[in-house]
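Q: Build me a structure from this.
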Amino acid sequence: MQHPRYAIVFAPASGYFSPCRVLLCAALLFSGTAISRAQNAEARPAPVIDVHVHAMDGNFPGVAPMCPNTPQFLASDPKEKEERFGWAKTSCTPALYPSAPGEYMKDVLAEMERLNVTAVVMGDPKSVQKWKDAAPARVIAGTGIDNQATADKRATLEELRKHFTTGGFKVMGEIGLQYQGLSPSDMSVDKYFALAEELDVPVAIHMGTGGSGRANITTPNFRGSKGDPLLLEELLARHPKLRVQVMHAGYPMIDNMLTLLQASSHVYVDVAGLIWSYPIKEVNRYIQRLVDAGFGDRVMFGTDQMIWPKLMAYSISIIQNADYLTPQQKRDILYNNAARFLRLETKPAN
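A: Below is the predicted model:
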């Protein structure tokens, strides 16, 4: 309910609503200079950290236009032509469209500036470096194990050590072992996690949702069972100081996700991908379970930003409009938790 001493003023530059004292607002009407200053003050939204953005050229295949929070994962018949994505095609508002060819990075960085977003941008080192060079104050560089050159060529330990010690990279991710049919605790990749623990670099591991209903067609090695959050337990036992970001919050395995969070205080989750890939009721139910279970300080905002520049603003609105979250919980998810996880030198945003 609105406080009786406050009116609501809309700040067009930010797209956010903010409170303004009625008497103050009345006074501002008589001062053009004061109005201008107030508008400038309102123009800057509260800071946001997006922990899951992909550095790409915008040619990544996907649904265009995409209707967020409205997909139906339709059945298909192997005797007929099967599309890469199993989402039902429908009309919606808002409909999210890809950038024009060659404009994706510019468009996303413009959105980050407008929305006051700092992002962990992940991908092959050369692509990520382009983003970092274009917006050094807004990009936190991340690179993983298997996106150095081709999907079947993993980075060497020497390459990764160089990226994280002298190359300015801060996060090891996205690590997509689930798409290779591997558990994160598989000993064949343990050396990479040992390096991350040694260098005190957080790791971001894909777990849970994936495939968009066509995993058997697009990524035949993908295994849903390898996205079980509890598969991280042996890895965490071997590397007790490792900081882990479970991407997609292990959706839909909420019970196992809660079990892991209870067992290991070094594990955080992001809500990327999940936040727009499923019906809004399901998204809110999942996030609320995490918060209500007592893990509100380990839920981080993320988009899984791909091809649709307006996805970032849309995803932020999901958290802002969540009536089951307090204002402080929203700020924690949108900023404070990630700042703590990434050890950024910044004060909490209230």
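Q: and residue 197, what does it touch?
A: By CB atoms under 8 Å, 6 or more residues apart in numbering, the contact set of residue 197 is 239, 241-242. Any C-beta I mention is one placed from the backbone N, CA and C, and that applies to glycine too.
Q: Pipe those into CSV and attach neighbour count, distance to residue 170 and pLDDT per row.
A: Shown next, in CSV, are these (neighbours: other CB atoms under 10 Å; distance: CB to CB, whole Å; pLDDT from 0 to 100):
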residue, neighbour count, distance to residue 170, pLDDT
239, 18, 18, 98
241, 10, 17, 98
242, 22, 15, 98
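Q: Of those residues, which is the nearest to residue 288?
A: Of all the contacts of residue 197, residue 288 sits closest to residue 242, with 27.9 Å by CB to CB.
Q: Could you give the secondary structure assignment for the closest one?
A: Secondary structure state of residue 242, per DSSP: H, G, I helix; E, B strand; the rest coil, is coil.
Q: what helix or strand is the nearest residue to it once chain neighbours are set aside on?
A: Spatial nearest neighbour of residue 242, chain neighbours left out: residue 197 (4.6 Å); criterion: CB to CB, 6 or more residues apart in numbering. Residue 197 belongs to helix 190-199 when elements are defined using DSSP states H and E.
Q: Buried residues in that helix, which are they?
A: Residues 192-193, 195-197 are the ones in helix 190-199 that count as buried (16 or more other CB atoms under 10 Å).
Q: following that helix, which helix or strand comes up?
A: Assigned by DSSP H and E, the successor of helix 190-199 is strand 203-206.
Q: Render the CA-only coordinates of that following strand in PDB, please.
A: Extracted C-alpha coordinates of strand 203-206, given in PDB (Å, rounded to 0.1, in the frame of the first residue of the first chain):
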ATOM      1  CA  VAL A 203      33.400 -21.600 -11.000                       C
ATOM      2  CA  ALA A 204      30.100 -21.400 -12.800                       C
ATOM      3  CA  ILE A 205      28.700 -24.800 -13.700                       C
ATOM      4  CA  HIS A 206      25.700 -25.500 -15.900                       C
END
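Q: Just list what it packs against, helices and strands only.
A: Here strand 203-206 touches strand 171-175, strand 244-247, going by 3 or more CB pairs under 8 Å, 6 or more residues apart in numbering; DSSP states H and E.
Q: wait, which of those is closest to residue 105?
A: Per CB to CB, nearest to residue 105 of the helices and strands packed on strand 203-206: strand 171-175, 17.5 Å.
Q: now the strands for the protein?
A: For the chain, applying DSSP state E gives strands covering 6-11, 16-21, 48-54, 117-122, 139-143, 171-175, 203-206, 244-247, 267-270, 299-300.
Q: Export those as CSV, with columns for mean neighbour count, mean pLDDT and distance to residue 309.
A: Output for the strands of the chain, formatted as CSV (neighbours: other CB atoms under 10 Å; pLDDT from 0 to 100; distance: least, CB to CB, whole Å):
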stretch, mean neighbour count, mean pLDDT, distance to residue 309
strand 6-11, 14, 30, 21
strand 16-21, 14, 35, 18
strand 48-54, 27, 97, 11
strand 117-122, 27, 98, 12
strand 139-143, 26, 98, 15
strand 171-175, 26, 97, 20
strand 203-206, 26, 98, 22
strand 244-247, 29, 98, 21
strand 267-270, 26, 98, 19
strand 299-300, 27, 98, 21
